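# Coordinates for the following, if possible.
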Amino acid sequence: MDIERTPLSNRCDSLPLSYVIKMVGLVLLLVISVFPVSAEERPNFLLLFIDDLKPMTRDYGHPHMHTPHFDRVAETGLHFENAYCQVPTCGASRASMMTSLYPTRTRFPDFLTRAERDAPDHPTLPERFKEAGYHTISNGKIFHHQLDTEERSWSEPAWKPKVNGVHHYNDETDAFMETVTETRGFKGNKNRAKKVPMFEAGKVDSIDTGDGMVTAKTIADLRRLSDEDKPFFIACGFAKPHMPFYPPVETYSHYPLEAVQLALHRERPIPTPEGLRAVKEQTSYIPMTHDFTRRLEYNTDDYHRHMRQGYYASVSHADNLTGRILDQIDTLGLADNTIVVILGDHGFPLGKHNQWAKNQLLPEALRTAMWMQGPGVKKGDSVNSFVEFVDIYPTLCELAGIDLGNQTVHGKSFAKVLNDPKASHRENAYTRFEGGDALSSKDHFYVSWKNPKNGEALLIDHAKDPLAKVNQAAVNEYADTRKQLQMHVDQRIALTETTFPPLKVSQRPLELSATIEHPKPNGVIFAQGGYRFGYALTVIKGKPMVAVRNDGKLVQVESETPISGRVKLGATITAERVQLTVNGKVVAEKDSPGLLLEEPKGELFHSEDRGDLVGKYPQEAFNGLILSHSVK
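You can find the predicted model right below:
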């Protein structure tokens, strides 16, 4: 039954209490927008990016690690058990996180990625903070390329130390380099550089290393900005524990070589998909012993022990520098108003499956360490829900009170888990690299490759096979599991290839469409807005429905006939009518509440509705595959 349009003033007496409360909240929001909160009340942000940091610290269950400061953050904040990157390589992972956009075959493909090239019109995370009045700073390795989006992202020129990740500190290393004739670099590159040794126990104070210089610069910025009137967003990037391993000599004392344990399983899953390529990044460095008397034979037990020792020592070096920054935050009295995020940019296999670098679709290359602390963050707990790097952008914006409006972001805020770590966020995480698309979940790890051998896949059953020895993709017993996992992968791919650019939807006709697939579809396909202005396309127990709300007036148009399988849904909203179509045929229509008088508030949610509901439908995520969707 259509709802007749009456003036808002005539309806006030009969409005439900929940609506009145929401209206009061809206008025308060308007007041806040006119009289913004003071800079002192807005939180500061410190984002600490650590290259190649996997969950290899004491608080992640590795008691042999000397990481008191990472452990300290786990005690004063939250530790994330299942944080996953979207691309397992430096440049692409960082660009994806800083834009909250999933990678595609052409967007963010490799470590040479530039956000300025692949997403030129898309605001970056620091850009949104800069626009909101924050002072934004980049120290060290944040974007892979120092100048990437520099002008629009940062309040000051992006800064890096003059020394790079292959800078060494010892005279003995200098002498060895005089004898080196091997070179490294891309094939065909005339400017090939000498290879450097993989290991050095640096005779250097930690603050005088490259990452130490980044630490000193960040501490100086904290001191300077702590007296300013505006809040800050400081991004600080460490280059280590990335290879080669050159931490200060004292860090090695925590890890005697003879005590270093080897990976429990060093073979790749059998049968091994052709798409699961071996990575050769480690061959860019010469695996000499510390005294330069012996070259280690690749992937022997001796090689594994030296590599693990070097990585462990480099993690302890990063831990030491992290502690210095955290100490400065405490000393300056900033801890109660500074949200700290610490994370790696991807994982690191560390010898499992005989692999030593990211750039591949294995679980250890995708999962990273991540912690948060600060106001509103629960202390001493862990988050088990899956978190994707694209989720960090909308989360930090929500914590800062930055409204993303209609901006496209593929991530979703996990702000709710910060004070309720047991709250549900995601059940899986999506990653892609080269020709493969991966899904990580509690029970399974799955990859499908689109290559000449169409249908090639990797499927690991974590419960039965925690060491990932066997590829179950071709086993009949796992056919239904593989189909379900592939459905989730396809839904993520559909989201990457369909974006919602900033779109004005008020005071004009709208066309909504989506192609979906499920034997018994149910849940929200997409929605934007809420109790005053908005629209939603959803399915309720198999029956498609479109909801439109204009100045509080709601019209819902629902089909009487359930749908199943692959179906194209459509809806048109004009000043006169609202029509719902299934496979191009009109199945229901009603009088329209009119063209939207104002823009709906908030972002456009895909496959769920996390805002105020536009209409009377369950707040349930869509259970099937969304192959395409659009708002025109």
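# pLDDT score for the closest residue to E603 other than its chain neighbours?
Spatial nearest neighbour of E603, excluding adjacent residues (CB to CB, 6 or more residues apart in numbering): L404 at 5.2 Å. Backbone N, C-alpha and C define where each C-beta goes, glycine included. Predicted confidence (pLDDT) for L404: 89.
# mind listing what L404 touches?
For L404, the set of contacting residues under the criterion of CB atoms under 8 Å, 6 or more residues apart in numbering consists of 128, 394, 397, 602-603.
# Kindly report the same for Q261.
64, 308.
# let's see it at 10 Å
Under the criterion of CB atoms under 10 Å, 6 or more residues apart in numbering, the contact partners of Q261 comprise 62, 64, 304-305, 308.
# quick check, nearest of those to G534?
Relative to G534, the closest of these is H62; by CB to CB it sits at 47.8 Å.
# May I see the buried residues of stretch 471-481?
When neighbours are counted by 16 or more other CB atoms under 10 Å, the buried residues of stretch 471-481 are found to be 471-473, 478, 481.
# Let's have those residues in CSV, adding pLDDT.
Output for these, formatted as CSV (pLDDT from 0 to 100):
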residue, pLDDT
N471, 97
Q472, 97
A473, 95
Y478, 97
T481, 97
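# Now for the residue lying closest to G185 once chain neighbours are set aside: which residues touch it?
If the residues on either side of it in the chain are set aside, G185 comes closest to R192, at 3.8 Å by CB to CB, 6+ apart. R192 makes contacts with 182-186, as judged by CB under 10 Å, 6+ apart.
# Look up the closest residue to the most centrally placed residue in the chain, ignoring the ones flanking it.
A centroid search over the chain (CA atoms, centre = their mean) returns F389, at 0.7 Å, as the residue closest to the centre. Counting by CB to CB, 6+ apart, the nearest residue to F389 once its immediate chain neighbours are dropped is M97, at 4.0 Å.
# how about that neighbour, phi and psi?
Here is the backbone geometry of M97 (degrees, to the nearest 10): phi -60, psi -40.
# State the distance from Q407 to V387.
Q407 sits 20 Å away from V387, taking CB to CB, to the nearest Å as the criterion.
# more neighbours, the two?
Just comparing Q407 and V387: by other CB atoms under 10 Å the higher neighbour count belongs to V387, 25 against 18.
# ok now do the residue nearest to that one when sequence neighbours are not counted, which residues does it touch?
Nearest non-adjacent residue to V387, counting by CB to CB, 6+ apart: A83, 4.9 Å away. By CB under 10 Å, 6+ apart, the residues touching A83 are 55, 343-344, 347, 366-371, 383, 386-389, 391-392, 429.
# Sitting in helices, which of these do you find?
Residues from the contacts of A83 lying in helices, with DSSP state H as the criterion: 366, 392.
# now, which of the contacts of A83 lie within strands?
With strands defined by DSSP state E, the entries of the contacts of A83 inside them are 343-344, 367-368, 370-371, 383, 386-388, 429.
# what two of the residues you listed are the furthest from one another?
Farthest apart among the ones in strands among the contacts of A83 by CB to CB are W371 and A429. That separation is 17.4 Å.
# tell me the domain ranges of this structure?
41-429, 503-631 (automatic domain parsing).
# Figure out how far the last one is from the centre of its chain.
Yep, that's domain 503-631 we're talking about. Computed by CA atoms, centre = their mean, to the nearest Å, the separation of domain 503-631 from the middle of its chain amounts to 28 Å.
# What is the least confident helix or strand in the protein?
Comparing every helix and strand of the chain by mean pLDDT, DSSP states H and E singles out helix 8-11 as the least confident one, with a mean of 35.
# can you give me the helices for the stretch 101-250 of the chain?
Assigned by DSSP state H, counting those that start in this stretch, the stretch 101-250 of the chain shows helices spanning 115-118, 125-131, 150-153, 171-177, 210-225, 249-252.
# Including distance to A494, mean neighbour count and mean pLDDT, could the ones you listed go into CSV?
Conversion of these to CSV gives the following (distance: least, CB to CB, whole Å; neighbours: other CB atoms under 10 Å; pLDDT from 0 to 100):
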stretch, distance to A494, mean neighbour count, mean pLDDT
helix 115-118, 19, 20, 88
helix 125-131, 24, 21, 96
helix 150-153, 29, 16, 93
helix 171-177, 51, 14, 96
helix 210-225, 39, 20, 98
helix 249-252, 46, 19, 97
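# Could you export those helices to a markdown table, including columns for distance to R324?
A markdown table is the format used below for these (distance: least, CB to CB, whole Å):
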| stretch | distance to R324 |
| --- | --- |
| helix 115-118 | 29 |
| helix 125-131 | 23 |
| helix 150-153 | 25 |
| helix 171-177 | 25 |
| helix 210-225 | 6 |
| helix 249-252 | 14 |
